[in-house]
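Engineer: Dropping a prediction and its sequence here:
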Amino acid sequence: MKRTALIVDDSRAMRLVMGRYLKELGYEVTEAGDGKEALEALNRQGAHPDIALVDWNMPTMNGIELVQAIRREPRFSDVRLMMVTSETEGARVETALEAGADEYLMKPFTREILVEKLAVLGF
Ligand SMILES: [Mg+2]
């Protein structure tokens, strides 16, 4: 069965790049433009991505709020969460991990770095 990824980013360009990489890697991809849209996608019947790649800075509901919301749902406890951020401060990475993210990815990133980060999560 194909692995499934949910890409959550308010930048359409970023969703395109990430979507292309993930599709090339064999993932089936769903996209959302902010945290609220992501929760809507997750609440659709049968939705259960293997991984969600979550941008930090988004309108309406940011990445940290989304990670916390997903982690409050026991049925999504096995969804791996990768925080995607351009923030380089270690303190913010810590915040993301404390909120429930499993891994983080710094922007800008290459396809190789994405592959490495996915491998850390066992993909
Ligand atoms: Mg953003």
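Structural biologist: Noted; the coordinates are in hand.
Engineer: what kind of secondary structure is the residue nearest the centre of the chain in?
Structural biologist: A centroid search over the chain (Cα atoms, centre = their mean) returns residue 53, at 1.3 Å, as the residue closest to the centre. When the structure is split into helix, strand and coil by DSSP: H, G, I helix; E, B strand; the rest coil, residue 53 lands in strand.
Engineer: residues near the closest residue to it other than its chain neighbours, how many?
Structural biologist: The spatially closest residue to residue 53, leaving aside those adjacent along the chain, is residue 82, at 4.8 Å (Cβ to Cβ, 6 or more residues apart in numbering). Quick note: C-beta positions are derived from backbone N, CA and C, even for glycine. One way to gauge burial is a neighbour count; for residue 82, by other Cβ atoms under 10 Å, it gives 23.
Engineer: Do I have it right that residue 105 meets residue 116?
Structural biologist: No - in this structure residue 105 lies outside contact range of residue 116 using Cβ atoms under 8 Å: 9.4 Å.
Engineer: Which one of the two is surrounded by more residues?
Structural biologist: Applying other Cβ under 10 Å to residue 105 and residue 116 shows that residue 105 carries more neighbours, namely 20 against 13.
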